[in-house]
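**Student:** Curious how this folds, go ahead:
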Amino acid sequence: MYKYLAYLLIILFSYSAIAESQIDLDDDETKTIFYKNMLIDGHRIHLLSFNTSDNEIRIVKAHNIVNGREKLDSIAKRNYADAAINASFFEMNNENDGAPADILKIDGKWVGYEPGKYSIIAWNDGNFIFDILNIELKLCSLQNDCVKIDHINKKDMVGVTLFNDFYGKYVLESLPKYPHIVTDIQKQPVLPNDGEIPIGDGFVAMIPKTNKDLIKKMWGDYKIIKTEFNLKYNTNLNIDKFDNIVSGAPLLIAEGKPVASKYVGDLPKNFVNHHHARTAICKIDNTFNLIVIDNDYSNSFYKMTINDVYETLKSKGYSRDWIYKAQYSEIQKVITKDNKITSKGMSLKELTDYLLTLKCDWAINLDGGGSSSMYYEGKIVNNPTGDKDEGNGIKALRRISDAIIIKKKWY
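**Tutor:** The predicted structure follows:
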């Protein structure tokens, strides 16, 4: 009898194992985003792979406004993202903190802009391009009197600056040192109220007070923005048709070939040639790879300032009370425990070489260093350098300007 019972238990366990295996298989089949964590030649590589048939890509600004920053996991959770990475370069530690350093366009609206030449990824309605974009925006009247736009959504800049609702609902009249006109494609210009100028759906255009002829020319007429541009690779396309544009530096791969050396331009040699944490995005047909490379910096405990030590302990979850009461040896042990090199970053050439092994047709380098961060399945999966200084090796998640988020499509 016991013999038959044993056989019965074996059969039950076998069916249970098969059923469990089948459940796991079904779960895997429902996945549309795949994550890998690899150590290759001393480089800790985090790789997210997905296709655009089953997933959508969006660019999201921190707090949905131009200034200010937000941690990647906060951006991702706020937008119900399945995965995310940090995106564009941004201003830090100045009055435009959090504003895009170069160009950024989200859902058809310019968040940040300065005329120039940029490496970009742009998309709209499932169409994606990687390219080199030369762009200049102009503010024009219906009589085609035009003026070059120098900035969008940046405070106290020289030249013509436009503000839209990514900046906020109002612009303070005293913000720039210039007079202003309010422009909109569908509305006549309006005079400002005392102190605050409502932005609405259009722009507040700040024009230098020294340019009286320009102010007179631009007043009292409908306004439109014209785009002058050229693309190096997609020469037949109109950049105005793309609602989302993210700039990086530099373009790494074009048409399956390495091109970074052509576009490093004035980038610092340290940025180009030294090991740094990196973030990149590459495309193979309709498949995308998001890549983050960790770079751990080993820093001597004895070289850290008191404030560095305090911030590091806070980032590790230690309370102020514990920090003040802890013995010197306890603090040293906590600080140095994780402060070891477990991954070396990559130079731009090393990053390009790795992306070529993935058979990328197109690839671009995004903001890196302390900004490099990746989110997947509800948490940050990489080991961020930190928000203070790369050389400090502080493991704290940096607040960033914007993020590329991935969401599974629900048909």
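
**Student:** these two touch, right, residue 197 and residue 171?
**Tutor:** Yes: with contact defined as C-beta atoms under 8 Å, residue 197 counts as touching residue 171 (4.8 Å). All C-beta atoms are positioned from the backbone trio N, CA, C, and that covers glycine.

**Student:** least trustworthy helix or strand in the chain by mean pLDDT?
**Tutor:** In the chain, no helix or strand scores lower on mean pLDDT, DSSP states H and E than helix 2-30, which sits at a mean of 40.

**Student:** Parallel or antiparallel, list what pairs with the helix or strand following that one.
**Tutor:** On the C-terminal side of helix 2-30, the nearest following helix or strand under DSSP states H and E is strand 33-40. According to DSSP bridges, strand 33-40 forms sheet pairs with strand 43-51 (antiparallel).

**Student:** pLDDT averaged over the strand it pairs with, what's the number?
**Tutor:** On average, the pLDDT along strand 43-51 is 97.

**Student:** buried sites along the helix or strand just after it?
**Tutor:** Next helix or strand after strand 43-51 toward the C-terminus (DSSP H and E): strand 55-61. Residues of strand 55-61 classed as buried by neighbour count (16 or more other C-beta atoms under 10 Å): 55, 57, 58, 59, 60, 61.

**Student:** Distance check, the closest residue to residue 345 other than its chain neighbours against residue 171.
**Tutor:** Leaving out its chain neighbours, the residue that sits closest to residue 345 by C-beta to C-beta, 6 or more residues apart in numbering is residue 295, at 2.9 Å. From residue 295 across to residue 171, the span is 40 Å (C-beta to C-beta, to the nearest Å).

**Student:** Give me the below-cutoff pLDDT ranges for the stretch 101-250 of the chain.
**Tutor:** Within the stretch 101-250 of the chain, the stretches with pLDDT under 70 are 172-196, 208-222.

**Student:** quick one: the strands in it?
**Tutor:** Ranges of strands in the stretch 101-250 of the chain, per DSSP state E, counting those that start in this stretch, are 104-106, 109-112, 116-124, 127-141, 146-148, 151-152, 161-163, 170-172, 180-183, 196-198, 203-206, 223-231, 244-248.

**Student:** Mind checking those strands for the one nearest to residue 45?
**Tutor:** Closest approach to residue 45 among these is made by strand 244-248 (18.3 Å; C-beta to C-beta).

**Student:** What lies in contact with the closest one?
**Tutor:** 58-59, 87-89, 100, 102-107, 118-124, 133, 239, 364-367, 402, 404 (C-beta atoms under 8 Å, 6 or more residues apart in numbering).

**Student:** Please, a ChimeraX command that selects the buried ones among these?
**Tutor:** To isolate the buried subset of the contacts of strand 244-248 in ChimeraX, counting by 16+ other C-beta under 10 Å, use the following:
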select :58,59,87,88,89,100,102,103,104,105,106,118,119,120,121,122,123,133,239,364,365,366,367,402,404
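
**Student:** Could you tell me how many residues sit around the spatially closest residue to residue 231 that is not a sequence neighbour?
**Tutor:** The shortest distance from residue 231 to any non-neighbouring residue, by C-beta to C-beta, 6+ apart, is to residue 131 (4.8 Å). A count of nearby residues for residue 131, using other C-beta atoms under 10 Å, gives 23.

**Student:** Look up the residues forming beta bridges with residue 131.
**Tutor:** Taking DSSP bridges as the rule, residue 131 bridges to residue 120.

**Student:** Next one: the residue found closest to residue 275 once you drop the neighbours it is linked to in the chain from residue 97, what distance?
**Tutor:** Leaving aside its sequence neighbours, residue 275 sits nearest to residue 345 (C-beta to C-beta, 6+ apart; 3.9 Å). Separation of residue 345 from residue 97 (C-beta to C-beta): 25 Å.

**Student:** Looking at the two, which one has more neighbours?
**Tutor:** Here residue 345 and residue 97 are compared on neighbour count by other C-beta under 10 Å; more neighbours surround residue 345, at 24 against 14.

**Student:** Report the contact partners of the more buried one.
**Tutor:** Here residue 345 is in contact with 43, 274, 275, 276, 277, 278, 293, 294, 295, 368 (criterion: C-beta under 8 Å, 6+ apart).

**Student:** so what's the fourth one closest to, chain neighbours aside?
**Tutor:** Taking C-beta to C-beta, 6+ apart, and ignoring the residues beside it in sequence, residue 276 has residue 345 as its nearest neighbour in space, at 4.5 Å.

**Student:** Which pLDDT value belongs to that neighbour?
**Tutor:** Confidence for residue 345, expressed as pLDDT, is 93.

**Student:** which residue is nearest the middle of the chain?
**Tutor:** The C-alpha lying nearest the average C-alpha coordinate of the chain belongs to residue 87 (C-alpha atoms, centre = their mean; 1.5 Å).

**Student:** Since that was my last question, I'll sign off now.
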